[in-house]
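Colleague: coords please:
(2 chains)
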Amino acid sequence: MTRWQSLWRRHKVEEQLDKEVRFHLDQHTADLIAQGHSPAEARRQARLAMGGAEQVKEECRDARGTRWLEDLWKDVRYAARTLRQRPGFAAVATLTLALGIGAATAIFSAVNPILFEPLPYPHADRITMIWDSYEGVRCDVTFHTYRELAARSRSFEAMAVMEAWRPAMSGAAQPERFGGQRVSAGYFRALGVAPALGRDFEAADDRFKGPRVTILSETLWRRRFSGDSAIVGSQTKLDGDLYTVIGVMPKGFENVLASSAELWAPLQYDAGNVTNYESEEWGHHLHMIGRLRPGLGVDQARRELNAIALHRVGQFPRPPFASLEHGLMVNAMQGEITRFVKPVLLAFLGAVILVLLIASVNVTNLLLARGAQRRGEFAMRAALGAGRPRLIRQLLTESLLLAALGGVLGIVVAEFGTEALVALSPAGLPRVGAIAIDGAAFAFASGIAALVGLLIGLVPAMHAYRVDLAAGIQQGSRRTAGGRQLTRRTLAVSEVALAIVLLVSAGLLFRSLERLFAIPPGFDAAHLLTMQVQYSGHRYDDDSARLRFLGQALEAVQRVPGVASAAFTSLLPLSGDQYGVYGAHFEDGNGYDVFRYAATPGYCETMGIALRRGRFLDEHDTAGAPPAVLISESLAKRQFPGQDPIGRRVHVGPTDRPWFTIVGVVGDVKQGSLADRQADAVYMTPAQWWFGEDAMSLVVRARDGVTELAPAIESAIWSVDKDQPIVRVATVDALLAASESQRRFAMIVFEAFALVALALAATGIYGVLSGGVTERMREIEVRAALGASRGDLLSLVVRQGMMLTGLGVALGLIGAAAASRALMTLLFGVSPLDPVTYLGVIALAAAVSAIACAVPAWRAARVDPSITLRAE
Amino acid sequence: MTAKSDLPQGTLDLLILKVVALGPVHGYAIAQRLQQVSRDVVQAPQGSLYPALHRLENRGFLSADWKDTETGREAKFYRLTRKGRAQLETEAASWQRLTEAVGLILKLSEGGVQ
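Modeller: Numbers count the residues shown, from 1 in each chain, chains lettered A, B, ... in the order given. All right, here's what the predicted structure looks like:
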């Protein structure tokens, strides 16, 4: 209270302090006069005894404790004034800090919700994902495995399995397909979120041939049903069936396992008929989650489930492919959904810390340079009674003010940064919707700004501490310049070193992508358009209807002007299609995992996949004809080294069906990604496969323009069946680029950081050299007067600059060699010590620093000795 | 003039409290009193007197108001608060204990040498 009062009555307090000190001096003087001293002598002695009235007052202010607030206010005003006096310096420093703080905040706002914040569910740490495993690799569980675990395990409050569901809502002008999930009844309970309207799924909903019910997301409910709360109980048509809407999820419900899912329906698998091992219920295609009971750890649950895996009971038979003998994997859900992006995000975090450091070092250097110019000012203030702590505080206030300005501007930078990050983010990035400049990001930015403000003020403050009063006031003196120059050089060297680390990282990622895109995908991606068609409605319950549709659609598409050829395939390379892997067993019993393409005749020709031997599939390979198959070159080499595979036979999938006869060998194709090594594949016509696919991808080779063809092709398909939803319309070129989107994402971010770092480091070197030239102007002038040539003077400065760069590069390369190991998972085909990258970075750094040296060097070389001589 | 001793750390506060305890007094008078009573042995630097006064006031041991002196000038008179009196007692007591202990030790060491 008194503290505040005295602050507000500051003026009065000051007045009283002054009065009190004056009273003392006057009394003392009067007493001394009474003792016989002359008035002048008396006053002198009184002052001497007091010991500096201003200093006493200063100490009194300190003692009263209101000092810090008054000083703060004064310091801030003073700092603002000094910054205003040098708008150029203030602008450069603020922008540099804004860049650093903004970049750091943007990365933080992306990393925080994904890696650090708990998932948006109550007690999210208790939600786990459960996988079957094969030789240490995760695989999805089967329905019967889920049934067994749910029945036997005691560790979980709720367990659930789910699969993707993409129902089409027909009836509207254009059929729309939705992202959705089919889930077992406990799904939302496992997540811990209940519908806001209506009810959750119950066990009675999730039974074989059970009622058709659905729960909607809040956004779908608003978009499609205009938020009508009478929706619960009404019916809507999905894939030709009437579904009853039983619930709507709450606003803001985030479905992290399938962020595009907008509606849910019960799984309704058949719990009976357990020994039919070919049934859907034994397919490894369900994701599984479980919510732990309170107080139970993931380790305990893992032990329990693995004990269950080891001990079979007669009630739950298991086929060999789901024997669980390789154990079950149980991990926290957050770790599971972030495991692919974690290395990238952590690398970003590391990189942005480097950028922030460089920015801070740069501003520190600017402050030091300004400190050199302000030496006189500080010396004067020290002489006038300002204590050293006071001066240091003043400097820290200035740097904190700069950092605060930088922080405010940094938030703006971060807003743009997060937008760019979200726009660039690869498809697999979880919780993209949660990336925003929120309270946490604000707090982070403020904290970082405060920290940076202190750090960048510290070095100049330490130097101010060493201010030599006498030397400072003598304006001509250059004696204190030495230490400051050394610090500034050290800082410039560290800037270069940090920038090198980023440059090398960016370079390695760039080279990885270059290597990747140099890999032939095995087909000709140019002028290829693709889209996916999924059968919707009961008229396709019959497989022959599906084949009929394929034939008619192809005919219609081929009539579109500009289409050179077209074909359908069950599995499209680089599209992210899954579930296309089957076991292939040859006559000698050898078995391989292969990609299986059910593709209409003309597929390989349309894609531009090379024929190595035999023939392609053609229109004679129909249902009644002997089953024909193409195998990939890699499979042919593995199974038939040095032999002709044509005429050999193979089973694809179940071994109790007729053999496929190999009629041709085709070139290898990259299915999953360009980095894939696995290229074993088989191709057969849909007519000769034993079931109809649910979805097929159309590939169209255009004569020239490719994207313009899309509407015409879509309407050609709709001319055959107007209710067929079409999704994933894209050029194959785009798919190719998207298949490496995570690496590309990493590369773009690193390149941006590296460029900023390089620019900052260059200005750092420039600043140091330029400051050095100014401080050494007299020496340079004398040298010039003594006959040093322009070349000598040039090389004097350039040599110094190159030495700084060289030292920074050397240190940076060591750092880069260590840091690049963190990037290992993102690299492809290049060693983390790739000499081309390192040499390139060295050349780049040398070139940029040469430019940074040029201006100061030129200034030094233009010195006119006659001016100096006259001045001296 | 005899050699003057510097005040041990913290004793200035104690001396001020003691002087002020005798009645409301202004800063210059405190300085005078300290010098006279200690017979010039203790040199309380006047420069450090005022910060100490302000510190004690700030901590609530002293209160102050402005009154006229006998010469008619307005001066700041310090008075001991109840809190200040308690502080004086504890400080004085601990000073006593300290000096007795130090005295004892000094005698002891003399005995040890002989």
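Colleague: Which secondary structure state does the residue of chain B found nearest chain A sit in?
Modeller: Taking Cβ to the nearest Cβ, chain A has its nearest neighbour within chain B at residue B:47, 3.4 Å off. Where C-beta positions appear, they are placed from N, C-alpha and C, glycine not excepted. Secondary structure, DSSP: H, G, I helix; E, B strand; the rest coil: residue B:47 is helix.
Colleague: What of the one 4 residues further on?
Modeller: At residue B:51, secondary structure determined by three-state DSSP is helix.
Colleague: Counting neighbours, what do you get for it?
Modeller: 20 (other Cβ atoms under 10 Å in any protein chain shown).
Colleague: What residues does it make contact with?
Modeller: By Cβ atoms under 8 Å, 6 or more residues apart in numbering or on different chains, the contact list for residue B:51 reads A:56, A:59-60, A:62-63.
Colleague: try 10 Å
Modeller: A:55-64, B:12 (Cβ atoms under 10 Å, 6 or more residues apart in numbering or on different chains).
Colleague: just to revisit the earlier point, the residue of chain B closest to chain A reaches residue A:46, doesn't it?
Modeller: No - the pair residue B:47 and residue A:46 does not pass the contact test of Cβ atoms under 10 Å, sitting 11.9 Å apart.
Colleague: element containing residue 101?
Modeller: Picking chain A for this. In the assignment (DSSP states H and E), residue A:101 maps to helix A:87-111.
Colleague: could you do chain B instead?
Modeller: helix B:82-113.
Colleague: Check whether that helix comes near chain A.
Modeller: No - Helix B:82-113 is not in contact with chain A by Cβ under 10 Å from any Cβ of the partner chain; minimum separation 13.8 Å.
Colleague: any idea which residue sits dead centre in chain B?
Modeller: The centroid of chain B falls nearest to residue B:15 when counting by Cα atoms, centre = their mean (1.2 Å).
Colleague: For the stretch 551-700 of chain A, give me the ranges with low pLDDT.
Modeller: By pLDDT under 70, the low-scoring segments of the stretch 551-700 of chain A are A:578-579.
Colleague: Any stretches of chain B with poor pLDDT?
Modeller: Ranges of chain B meeting pLDDT under 70: B:1-10, B:39-45, B:109-114.
Colleague: still on that earlier bit, which residues does the residue of chain B closest to chain A contact?
Modeller: A:49-53, A:55-56, A:59 are the contacts of residue B:47 under Cβ under 10 Å, 6+ apart.
Colleague: could you redo the last one with a cut-off of 6 Å?
Modeller: A:50-51, A:56 (Cβ atoms under 6 Å, 6 or more residues apart in numbering or on different chains).
Colleague: Tabulate those residues (TSV), appending distance to chain B, pLDDT and neighbour count.
Modeller: Below are those laid out as TSV (distance: Cβ to the nearest Cβ, whole Å; pLDDT from 0 to 100; neighbours: other Cβ atoms under 10 Å in any protein chain shown):
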residue	distance to chain B	pLDDT	neighbour count
A:50	5	80	20
A:51	3	77	13
A:56	5	82	24
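Colleague: So which of the residues you listed sit within strands?
Modeller: Using DSSP state E, no member of the contacts of residue B:47 falls within strands.
Colleague: quick one: which of those is nearest residue A:199?
Modeller: Proximity of the contacts of residue B:47 to residue A:199 (Cβ to Cβ) peaks at residue A:56, which lies at 79.1 Å.
Colleague: excluding its backbone neighbours, what's nearest residue A:287?
Modeller: residue A:162 (5.4 Å; Cβ to Cβ, 6 or more residues apart in numbering or on different chains).
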